[in-house]
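**Q** got a predicted structure here, sequence first:
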Amino acid sequence: MKFFVSCAKGLEYLLADELLALGLLRATATISGVNAEGDLPQALKVVLWSRLASRVLWPLAEFDCPDEGSLYQGVSSMPWADHISPELTLSVDAHVSGTEITHARFAAQRVKDGVVDSLRAQGLERPSVNTEFPDVRINLSLRKGRASISIDLGGGPMHRRGWRMAQNEAPLKENLAAAVLMRANWPKIHAEGGGLLDPMCGSGTLLIEGALMAADVAPGLQRHGSIPPSRWLGFDRDAWNSLMADARSRETAGRAALKQVIHGSDIDPHAIRAAKENAETAGVAEAIWFGVRDVADVQVPPQETGCVVCNPPYDERLAADAVLYRRLGDALKRAVPQWRASLLCGSAELAFATGLRANKKYQLFNGAIECALIVCDPIAVPQRENAGQPRELSEGAQMVANRLRKNIRKFKTWKAREQVTCYRVYDADLPEYAAAIDVYQEDGGAGRTFLHVQEYAAPATIPDVDVRRRRNELLSAAREVFQVPAEQVALKSRERGKGGSKYGRFEQRGEFVLVRENDALLRVNLFDYLDTGLFLDHRPLRWHMAQEAQGKRFLNLFCYTGVASVQAAVAGAASTTSVDLSGTYLQWCADNLALNGKGGSQHQLIQADALAWLEAERHRFDVIFCDPPTFSNSARAEDFDVQREHVRLLRAAVARLSPEGVLYFSNNFRRFKLDEEAIKEFAECREISADTIGEDFERNPRIHRAWELRRYGA
């Protein structure tokens, strides 16, 4: 059978590996879960043994569901007498998406009605509803007009292990704690005699979960005890009883072999008291040492090797403090420098504040809160013996280094005059080293310098070995000239593949760096995407528009991360309106505005197809910026081709100009040809491309083209 195992976002691939290790035939990661294949006893084994799963959903039926009537009809036609007896209690969980049915509670009610009416139609009593502890828990998933009805084999959220009697503020869910421990490689470290440390342990979730994991205690054993997780009539009691007997046998042996190598501390005595109560209930109190200590006074464990797991405070209830994260990092480097660490931080910025160098970074969700899990191995990276000494560069790398130094000298006066901190320093100046190198100077923090390197496609005649050699020489030269470590160089490398040259896979750090352009603070992401969130070539045009927008209404179409809107807002625009189809980019724009203290109704963010929105809009604007993509084929809007649609787009934009307003139109399509005759019908137009190219882009003046349009008679 195919069934679904849900989990927190970010745990999908880890869960798939766990399910395969439990003996399932197939496990494929999808959004917030895994599509699994196996028989019912294997699904019950997941209920008992999975440390990462949230629910195990065993499907009963699937049908088309265009409306609520179809939902009720589909459910009521199912043979519910085969699944639930009238004396049992039930509960329904619903998850809906799309436009068919939008309210989960209403959908759950209609499923319950269908079940009850089906049983009553057969002359049976109606079962009662128990939302907390039902005998049978039913699950509805409604997506893209298809309804799936399943039995929740675990009977409810599987992160509840059954030992939590007391908790402090904002406790960590046990299945997320298990993921932190797995990323720390804790089971292997324990088997080899290593220790476990949490210097900010709170109510002890990570340490207790770690102790139970080391003792080979099934996570569902204490949760269910002698009562099966579901009284669904299809539940395989014999298989469940066999699994429970095996789990109890393994628990006995595991607890006997559990080593006393687990250490936890917290500055809050109430949290330590709760942790001790929970450990006692879980039966692992003898295996864990707890103490009241400040993180800076962390006790050095006696074990030579081990791992640190920690979930430092964050979110609206526990105020995140970058200084506290730095103290944590410093304490770990001092106490256990050679240990491994797995730290669940509130954000990439807070993870960076620890001062630790992460080998791996993962994006996880603690409920609705997006977190960054960093893994450091070891915690303190040993210094190179020749640290601080110049690297020996090859002849080719030395050529690149000389050109970089020449460009730095050339830009020195310009950078100081215009206060530029993010700029292009190299653009295939040497043809055989075909790449663009952009410099991003961090604003505040450690003031780090980052390099963003975009490799251009090499001709097919160049052997791969030469492509790689030149790439490495370019990177060596850049790191030597700017004196930056490898983790501060973002490489967007083109790799040959079927269908021509393509960009390779990007990193997934989730790390944002704060930079400044003019008077605006901006978030950039150098590693995770093809573009960073800041188009450097538009710097002069953004400055010009910001000055012109003072006291005026500014409209930013195809706004991307909203940098032009932020510049206008900071310069004193009366209002800004930013339009983009991407919710991700609009959130990025909102974050950029918030960084600069700009928000409220005068700064609107609109998620829409820009062209369709323009043609429906009736408000007027004084300054409009329109920088459309060359081509877009989003599933949420009509296909867009800038060459084909630009007249229609500009006509709609000019119609939204105030009498004295100005429209700035730009795009980077190299073969773009403006239809000047058509535009003469509705606007005055002049090309301003040369005025919008900064000194750092003079080698590539066709990086974009730009025009200024005004209404006739303005």
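**A** Structure's in. What do you need?
**Q** spatially nearest residue to residue 482 (excluding sequence neighbours)?
**A** Leaving aside its chain neighbours, residue 482 sits nearest to residue 449 (5.5 Å; criterion: C-beta to C-beta, 6 or more residues apart in numbering). Any C-beta I mention is one placed from the backbone N, CA and C, and that applies to glycine too.
**Q** was I right to think residue 71 contacts residue 146?
**A** No. With contact defined as C-beta atoms under 8 Å, residue 71 does not reach residue 146; the gap is 11.0 Å.
**Q** looking at the two, which one has more neighbours?
**A** The neighbour count for residue 71 versus residue 146, taken as other C-beta atoms under 10 Å, is higher for residue 71 (26 against 14).
**Q** which neighbours do residue 71 and residue 146 have in common?
**A** residue 65 (C-beta atoms under 8 Å, 6 or more residues apart in numbering).
**Q** now residue 216, nearest residue through space, not along the chain?
**A** residue 254 is the one closest to residue 216 (C-beta to C-beta, 6+ apart), at 3.3 Å.
**Q** try residue 12
**A** residue 29 (3.8 Å).
**Q** any idea whether that neighbour is helix, strand or coil?
**A** The three-state assignment at residue 29 reads strand, by DSSP: H, G, I helix; E, B strand; the rest coil.
**Q** go on, residue 98?
**A** coil.
**Q** ok, residue 481 next?
**A** Residue 481 is classified as helix under three-state DSSP.
**Q** tell me how many other residues crowd the residue nearest to residue 482.
**A** With neighbours defined by other C-beta under 10 Å, the count for residue 449 comes to 15.
**Q** look up which residues are beta-bridged to it.
**A** residue 441 (DSSP bridges).
**Q** so it touches residue 441, yeah?
**A** Yes. Taking C-beta under 8 Å as the definition, residue 449 is a contact partner of residue 441 at 5.7 Å.
**Q** quick one, phi psi at residue 125?
**A** Here is the backbone geometry of residue 125 (degrees, to the nearest 10): phi -70, psi 150.
**Q** err, residue 250, not the other one
**A** phi -70, psi -40.
**Q** and the residue nearest to residue 216, that's in a helix?
**A** Yes. Per three-state DSSP, residue 254 lies within a helix segment.
**Q** that one is in contact with residue 217, isn't it?
**A** Yes. Assessed by C-beta under 8 Å, residue 254 is found in contact with residue 217 at 6.1 Å.
**Q** so for those two, which residue has more residues nearby?
**A** residue 217 (25 against 17).
**Q** secondary structure class for the nearest residue to the more buried one once chain neighbours are set aside?
**A** Spatially, and ignoring its direct neighbours in sequence, residue 217 is nearest to residue 251 (4.9 Å; C-beta to C-beta, 6+ apart). Following three-state DSSP, residue 251 is assigned to helix.
**Q** now do the buried residues in stretch 84-101.
**A** Residues of stretch 84-101 classed as buried by neighbour count (16 or more other C-beta atoms under 10 Å): 84-85, 88-94, 96, 100-101.
**Q** swap in stretch 291-301?
**A** Within stretch 291-301, the residues that count as buried by 16+ other C-beta under 10 Å are 293, 295, 298, 301.
**Q** farthest pair in these?
**A** 295 and 301 (14.8 Å; C-beta to C-beta).
**Q** about what we covered before: tabulate the buried residues of stretch 291-301 (a markdown table), appending distance to residue 1, secondary structure and pLDDT.
**A** A markdown table is the format used below for those (distance: C-beta to C-beta, whole Å; DSSP: H, G, I helix; E, B strand; the rest coil; pLDDT from 0 to 100):
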| residue | distance to residue 1 | secondary structure | pLDDT |
| --- | --- | --- | --- |
| 293 | 51 | coil | 94 |
| 295 | 48 | helix | 92 |
| 298 | 49 | coil | 89 |
| 301 | 46 | coil | 90 |
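**Q** among those, which one sits closest to residue 190?
**A** Of these, the one sitting nearest to residue 190 (C-beta to C-beta) turns out to be residue 301, at 12.9 Å.
**Q** now that closest one, nearest residue through space, not along the chain?
**A** Nearest one to residue 301, counting by C-beta to C-beta, 6+ apart, is residue 195 at 4.5 Å.
**Q** the stretch 101-250 of the chain: helices as residue ranges?
**A** 104-121, 174-183, 186-191, 205-214, 221-224, 237-257 (DSSP state H, counting those that start in this stretch).
**Q** closest to residue 570 out of those helices?
**A** helix 174-183 (38.4 Å).
**Q** now the buried residues of stretch 84-101 as a markdown table including distance to residue 78, pLDDT and secondary structure?
**A** Formatted as a markdown table, these follow (distance: C-beta to C-beta, whole Å; pLDDT from 0 to 100; DSSP: H, G, I helix; E, B strand; the rest coil):
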| residue | distance to residue 78 | pLDDT | secondary structure |
| --- | --- | --- | --- |
| 84 | 11 | 95 | coil |
| 85 | 15 | 94 | coil |
| 88 | 16 | 94 | coil |
| 89 | 18 | 96 | strand |
| 90 | 13 | 96 | strand |
| 91 | 17 | 96 | strand |
| 92 | 13 | 97 | strand |
| 93 | 17 | 96 | strand |
| 94 | 16 | 95 | strand |
| 96 | 19 | 92 | strand |
| 100 | 19 | 76 | coil |
| 101 | 18 | 87 | coil |
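**Q** greatest separation within those residues: which pair is it?
**A** Farthest pair in those, by C-beta to C-beta: 85 and 100, 31.5 Å.
**Q** on that earlier part again, tabulate the helices of the stretch 101-250 of the chain (a markdown table), appending mean pLDDT and distance to residue 413.
**A** Output for the helices of the stretch 101-250 of the chain, formatted as a markdown table (pLDDT from 0 to 100; distance: least, C-beta to C-beta, whole Å):
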| stretch | mean pLDDT | distance to residue 413 |
| --- | --- | --- |
| helix 104-121 | 95 | 61 |
| helix 174-183 | 96 | 49 |
| helix 186-191 | 94 | 55 |
| helix 205-214 | 97 | 54 |
| helix 221-224 | 88 | 69 |
| helix 237-257 | 95 | 69 |
